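Asks: only geometry, no sequence info:
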């Protein structure tokens with residue numbers, strides 16, 4: 001692993017991490033970083049429409065206790081420039097380029113939802129770049145129900161507008177008391193950052209990313225048996241966005257995969273079980 005010296009982080013909390021930028025092919029990408037330098041950095045790749053403020057601070061802080069963590073905005077999203085790509089392959093290409101520009105030749109990847117699609121593509125296209133892979137709330141190319149993310153999401157986004165609740169309440173969590181409580185806690189954590197927040201995604205970027213998700217769901221399945229690195233797959237047992245069956249499928253098809261399924265949890269199972277997930281991820285990432 002090589003590492004070009006970066007500015008030293010001045011905070012121990014993600015909520016206070018400054019926005020930073022790196023330019024690749026005239027496109028400015030936004031990122032934040034946290035945690036100790038040295039070792040293999042952990043790159044976080046997030047969900048549809050997510051910006052830097054959508055990374056769960058408890059998960060980032062927990063992982064950054066032992067790892068140099070880098071959270072990225074996709075091209076065309078938040079504070080990053082350019083137009084949002086309409087394919088997962090383009091997003092993966094961007095991730096590889098940004099990682100290279102930051103000076104890293106080996107990283108760990110954590111991809112949530114759309115980020116898990118991108119992380120799989122990076123691991124398949126650049127197998128020497130990725131040491132360990134964490135896939136959460138996600139599924140393989142051609143996975144069951146992935147091309148219906150829009151059809152599932154639009155009614156619940158409308159429900160959020162009508163009930164004055166963040167749609168993630170309905171999309172990421174179950175309707176049980178545990179799910180509703182976890183949603184409330186998670187959404188409160190996303191508001192902890194008070195200054196220098198990221199920009200919300202534009203409707204155009206939101207729709208372009210949805211097109212990429214739909215295309216991924218209709219793509220010919222990839223040979224996941226070519227992913228030879230250790231992989232941790234995690235999800236809730238009632239994911240309605242990227243059905244949980246996809247997590248089980250990936251765990252069966254990736255030779256060195258470990259599967260964790262959280263009970264009474266949806267797409268955002270790792271947020272509901274953030275303490276358990278951080279502990280599991282730290283053990284998984286340990287050398």
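Replies: Received it, and whenever you're ready, just let me know what you need. Predicted, not measured: the structure shown is a model, and the values here were computed from it. Numbers count the residues shown, from 1 in each chain.
Asks: Tell me the spacing between the residue lying closest to residue 67 once chain neighbours are set aside and residue 228.
Replies: Spatial nearest neighbour of residue 67, excluding adjacent residues (Cβ to Cβ, 6 or more residues apart in numbering): residue 42 at 4.6 Å. For the C-beta atoms, the positions are set from N, CA and C on the backbone; glycine is no exception. Distance of residue 42 to residue 228, given as Cβ to Cβ, to the nearest Å: 19 Å.
Asks: The two - which one has more neighbours?
Replies: The neighbour count for residue 42 versus residue 228, taken as other Cβ atoms under 10 Å, is higher for residue 42 (25 against 11).
Asks: What are the phi and psi values at that one?
Replies: Main-chain dihedrals, residue 42, degrees, to the nearest 10: phi -110, psi 120.
Asks: Contact partners for it?
Replies: Applying Cβ atoms under 8 Å, 6 or more residues apart in numbering, we find residue 42 in contact with 63, 67, 68, 69, 70, 107, 108, 109, 110, 285.
Asks: which residues of the stretch 101-250 of the chain fall in strands?
Replies: Ranges of strands in the stretch 101-250 of the chain, per DSSP state E, counting those that start in this stretch, are 107-112, 130-136, 231-236.
Asks: Out of the ones you listed, which gets nearest to residue 193?
Replies: Closest of the strands of the stretch 101-250 of the chain to residue 193 is strand 107-112, at 18.2 Å (criterion: Cβ to Cβ).
Asks: ok now the closest one, how far from the chain's centre?
Replies: Computed by Cα atoms, centre = their mean, to the nearest Å, the chain-centroid distance of strand 107-112 equals 7 Å.
Asks: what's the answer for stretch 130-147, then?
Replies: Centroid separation for stretch 130-147 versus its chain: 10 Å, with Cα atoms, centre = their mean.
Asks: before we move on, what about stretch 161-171?
Replies: On the basis of Cα atoms, centre = their mean, stretch 161-171 sits 20 Å off its chain's mean C-alpha point.
Asks: Show me which residues of that stretch are buried.
Replies: Neighbour-count burial for stretch 161-171, counted by 16 or more other Cβ atoms under 10 Å, picks out 166, 167, 168, 169, 170, 171.
Asks: my guess is the fifth one meets residue 159, correct?
Replies: In other words, residue 170. Yes - counting by Cβ atoms under 8 Å, residue 170 touches residue 159, with 5.8 Å between them.
Asks: Which of the buried residues of stretch 161-171 sits closest to residue 144?
Replies: Of the buried residues of stretch 161-171, the one sitting nearest to residue 144 (Cβ to Cβ) turns out to be residue 171, at 17.6 Å.
Asks: give me every residue that touches the closest one.
Replies: Per Cβ under 8 Å, 6+ apart, neighbours of residue 171: 152, 153, 156, 157, 240, 241, 266, 267.
Asks: Can you pick out the most distant pair from those?
Replies: Top of the distance list for those (Cβ to Cβ): 157 and 266, 15.2 Å.
Asks: Who has more neighbours out of the two?
Replies: Ranked by neighbour count (other Cβ under 10 Å), residue 157 and residue 266 place residue 266 first, with 28 against 18.
Asks: how near is the residue nearest to that one when sequence neighbours are not counted to residue 57?
Replies: Using Cβ to Cβ, 6+ apart and skipping residues adjacent in sequence, the residue nearest residue 266 is residue 236, 4.6 Å away. Applying Cβ to Cβ, one obtains 20 Å for the distance of residue 236 from residue 57.
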